[in-house]
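A.B. asks: sequence plus the predicted model coming up.
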Amino acid sequence: MADVKLTERVMVQQLSVIADAGGGQARNWSDFREVWAKVKWGSVSRDPQNAEIGRRRKAIVTIRHAPDLPDPMRLVIAQKNLVVLAITRINESSGAFLQLECEDTF
């Protein structure tokens, strides 16, 4: 990973939780920041949690580390909402990066 080329624009979203009038909570994803990323798409597989009717596609997304990134977060790439499953910090000579293991379900 010595030569990280961030060539795609990715929207990072944060989860906003707002109390509603009925005593419950409204959960919405809102835009946090657009960042440059390297995206490596995996293969498409069946979704075992949806009676294998739906599909899942994994992606490994690399972005520059920023201490203010939200937790939890999700990514929007080409109008696809990707859930972030795992985050790994990688230190390179060119700086610190985050490698995000993501999944798109459709």
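C.D. replies: Structure received. Note that the coordinates shown come from a computational prediction; the quantities given were computed from them, not determined experimentally.

A.B. asks: name the helix or strand for Arg89, please.
C.D. replies: strand 80-92 (DSSP states H and E).

A.B. asks: buried residues in that strand?
C.D. replies: Under the neighbour-count criterion of 16 or more other Cβ atoms under 10 Å, strand 80-92 has Leu82, Val84 buried. From N, CA and C alone the C-beta is placed, and that goes for glycine too.

A.B. asks: got the angle for whatever helix or strand comes next after that strand vs strand 80-92?
C.D. replies: On the C-terminal side of strand 80-92, the closest following helix or strand by DSSP H and E is strand 95-105. Interaxial angle, strand 95-105 versus strand 80-92 (axes from the mean of the first three to the mean of the last three Cα atoms, to 10 degrees): 150 degrees.

A.B. asks: which helices and strands does strand 95-105 pack with?
C.D. replies: Packed against strand 95-105 by the contact rule (3 or more Cβ pairs under 8 Å, 6 or more residues apart in numbering; DSSP states H and E) you find strand 55-64, strand 80-92.

A.B. asks: fine by me, thanks again.
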